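> Provide a 3D model corresponding to the input given below.
(one chain, ligands or ions: 2)
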Amino acid sequence: MPLNRYSRRHKRTFGREKPEPEVYLEEHRVPPKPDAYWTQEKGQCRFCGHVIKKENGERNNRRNWHEECIDEYTYIYHPGETRKRIWKRDRGYCAGCGDTFPRKSRHHDLKWHVDHIKPLWEQKGKKFDDIDLDYWREDNLQTLCTECHTRKTSAEATERAKLRKEDK
Ligand SMILES: [Zn+2]
Ligand SMILES: [Zn+2]
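Ligands and ions are numbered 1, 2, ... in the order given. I've put the predicted structure just below:
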């Protein structure tokens, strides 16, 4: 993981006001960011909020992320990166029908999707502290072809509608 590429990209938001909603909104696809992302000081990790130390135990003021935190952050908050990694893992093998799909295709029917096994809408309306980040982690992600993805999404929509009715 080229650390610099991402540190640079994130520097631009440093010190700015939170431009994002505090709670997870479904249309965003990624969770809200931790408070540390906005209040970060030198030597403090923007993901976990803890101090970053050098090997000798001193505070490392030249870093904004722990190596493992930037890695996790990138996986969760950059869908393009997630897609790349899921391709590496699954190679286009659809978890629904078992067919294999090309990395890139202009044909709708040949496209593949990064699907969240436990659907993201279950996290809707939650603040960062209440959110279960496992929903965005590798174990909850699978490759689905367009047909299988559509089938799963519409099955979920039916289930949701049922839940809503029961709520009333
Ligand atoms: Zn960290
Ligand atoms: Zn499929």
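> State the helix or strand in which residue 114 lies.
strand 112-116 (DSSP states H and E).
> Poorly predicted segments of this structure, please.
Applying pLDDT under 70 to the chain flags residues 1-21, 40.
> Can you pull the residues of it lying near ligand 1?
45, 47, 48, 66, 69 (Cβ under 5 Å from the ion). From N, CA and C alone the C-beta is placed, and that goes for glycine too.
> Among those residues, name the ones in helices.
In helices, defined here by DSSP state H, the members of the residues of the chain next to ligand 1 are residue 69.
> Please pull up the helix or strand immediately following the strand holding residue 114.
Once strand 112-116 ends, the next helix or strand along the chain (criterion: DSSP H and E) is strand 141-145.
> relative orientation of the helix or strand that comes right after that following strand and strand 141-145 in degrees?
Per DSSP H and E, the first helix or strand lying C-terminal to strand 141-145 is helix 146-167. Angle, helix 146-167 to strand 141-145, by axes from the mean of the first three to the mean of the last three Cα atoms, to 10 degrees: 120 degrees.
> Can you give the contact residues for helix 146-167?
The contact list for helix 146-167, computed with Cβ atoms under 8 Å, 6 or more residues apart in numbering, reads 94-97, 108-113, 115, 119, 121, 144.
> and the nearest residue to residue 131 once chain neighbours are set aside, what element?
Leaving out its chain neighbours, the residue that sits closest to residue 131 by Cβ to Cβ, 6 or more residues apart in numbering is residue 31, at 5.1 Å. When elements are assigned from DSSP H and E, residue 31 belongs to no helix and no strand.
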